[in-house]
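Let's see this in three dimensions:
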Amino acid sequence: MALVSSPDRLVIATRVSRLALWQAHHVRDLLQSQYPACRIELLEMTTQGDRILDRSLSKIGGKGLFVKELENALLDGRADLAVHSLKDVPVLMPAEFSLTAILPRAAAQDALVSSRYGSLAEMPAGAVVGTSSLRRAAQLLAAYPSLDVRPLRGNLDTRLAKLDRGEYDAIILAAVGLRRLGLADRIRDVLSPDVSLPAVGQGALGIEILAGRTELAAQLAPLNCLESWRLAQAERTVSAVLGGSCQVPLGAYAEQHGGQIRLRALVASIDGKRLCRTDVSGPQEDPVLLGQRAAQALIADGARELLAEAQAASQDNAG
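Next comes the predicted model:
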């Protein structure tokens, strides 16, 4: 096997939110350990998804708004790699780009944050719960239809500030983000996947580069976690087959059990009154096939109709 040369200099494109910077610094530190002589810099950027905070993501174009400016920095040579929360990376990527590494995945579950209530079950009818996600909102309404689920945008600190000002009785966030920023004490309850199935790729970090940079891909290969890569492939395949985006309530969650992968997936109506679910398992060596099986099971259960309705509703709202 040929030896991989050490890069002289690497520039990492990142969003400027506190969580995004934590993630970029984490990748920088891993690369610095791998290549001590390399000069590694951060290119901090504000994306359109960060700037537009008065509308839900489903109404302004989806999570891809968090990666577009970073991809432009790759294209024009200002950056060599971009670090993303994997759940923000569209499953159908332009041919110019490559998802070259996925880091070891942290816990993927959603978390309840509240100064008033210790669990969703404690919350009375009409209590206001904030979330940025159609996926979370639909599942909350399915399990607790008496709650008042309202949109919540902004970075993690902004969302917590809105909660602390009393605009919401509780909010739902990814547990991993709170833990990474030293805010684990804000978590009142970690939600079971049976209540809130995580987003595709939630808890994992992905590294994106230009597709033609084979030497850089080889240099980044030591950061890739094969298990996390397989789990992500299974989840992302479900979304790819179904054409999922943040404009539709879709979740997928894969777990490794010995040599098997268990994959749970769902599609819901926006109001949470109808859910299609599946729970399949298969050998770890073929996560794409497992994702295809899960997607086909959802389609057989009526997922296409729910997705079409959700997309039509998003387009009407956007108009």
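
All the strands of the protein, residue numbers only.
9-15, 39-45, 81-85, 97-102, 110-113, 128-131, 148-151, 170-174, 187-190, 205-210, 250-257, 260-268, 275-283 (DSSP state E).

The third one: how far from the chain's middle?
Same thing as strand 81-85. A distance of 12 Å separates the centroid of the chain from that of strand 81-85, by Cα atoms, centre = their mean, to the nearest Å.

counting contacts, what elements does it pack onto?
If you count contacts as 3 or more Cβ pairs under 8 Å, 6 or more residues apart in numbering; DSSP states H and E, strand 81-85 packs onto strand 9-15, helix 18-34, helix 68-75, strand 205-210. C-beta coordinates here come from the backbone N, C-alpha and C atoms, glycine included.

Please put the alpha-carbon coordinates of the third one into CSV.
Provided in CSV are the C-alpha atoms of helix 68-75 (Å, rounded to 0.1, in the frame of the first residue of the first chain):
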residue,chain,number,x,y,z
LYS,A,68,-24.2,25.9,-0.3
GLU,A,69,-21.8,28.7,0.7
LEU,A,70,-19.3,26.2,2.1
GLU,A,71,-19.5,24.3,-1.2
ASN,A,72,-18.8,27.5,-3.1
ALA,A,73,-15.6,27.9,-1.0
LEU,A,74,-14.5,24.5,-2.1
LEU,A,75,-15.2,25.3,-5.8
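
roughly how far out does it sit from the chain middle?
Centre-to-centre, helix 68-75 and its host chain are 19 Å apart (Cα atoms, centre = their mean).

by contact count, what packs against that helix?
So helix 68-75, by 3+ Cβ pairs under 8 Å, 6+ apart, packs with strand 9-15, strand 39-45, strand 81-85, strand 205-210.

Contacts only, for the residue nearest to Ala13 when sequence neighbours are not counted.
Nearest non-adjacent residue to Ala13, counting by Cβ to Cβ, 6 or more residues apart in numbering: Ala79, 3.7 Å away. Neighbouring residues of Ala79 by Cβ atoms under 8 Å, 6 or more residues apart in numbering: 11-13, 43, 70, 73.

Please give me every residue in contact with the most centrally placed residue in the chain.
Central residue of the chain (Cα atoms, centre = their mean): Lys87, 1.9 Å from the mean position. Each residue near Lys87 by Cβ under 8 Å, 6+ apart is listed here: 63, 174, 199-202, 204.

Let me have the strands of the chain in a markdown table, extended by mean pLDDT, mean neighbour count and distance to Leu216.
Listed next are the strands of the chain as a markdown table, based on pLDDT from 0 to 100; neighbours: other Cβ atoms under 10 Å; distance: least, Cβ to Cβ, whole Å:
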| stretch | mean pLDDT | mean neighbour count | distance to Leu216 |
| --- | --- | --- | --- |
| strand 9-15 | 97 | 21 | 8 |
| strand 39-45 | 97 | 15 | 13 |
| strand 81-85 | 96 | 26 | 7 |
| strand 97-102 | 97 | 21 | 8 |
| strand 110-113 | 98 | 24 | 34 |
| strand 128-131 | 97 | 22 | 37 |
| strand 148-151 | 96 | 16 | 39 |
| strand 170-174 | 97 | 25 | 29 |
| strand 187-190 | 98 | 16 | 37 |
| strand 205-210 | 98 | 22 | 5 |
| strand 250-257 | 96 | 23 | 28 |
| strand 260-268 | 97 | 24 | 29 |
| strand 275-283 | 97 | 17 | 31 |
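
Distance to Leu231 for the ones you listed - can I get that in CSV?
Shown next, in CSV, are the strands of the chain (distance: least, Cβ to Cβ, whole Å):
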stretch, distance to Leu231
strand 9-15, 24
strand 39-45, 28
strand 81-85, 15
strand 97-102, 9
strand 110-113, 17
strand 128-131, 24
strand 148-151, 28
strand 170-174, 16
strand 187-190, 19
strand 205-210, 12
strand 250-257, 4
strand 260-268, 7
strand 275-283, 12
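
Of those, which is nearest Asp157?
With Cβ to Cβ as the measure, strand 170-174 is the member of the strands of the chain nearest Asp157 (11.0 Å).

that older thread, so for Ala308, which of the helices and strands packed on strand 81-85 sits nearest?
Between Ala308 and the helices and strands packed on strand 81-85, the shortest gap by Cβ to Cβ is with helix 68-75, which sits at 25.8 Å.

Great, nothing more from me.
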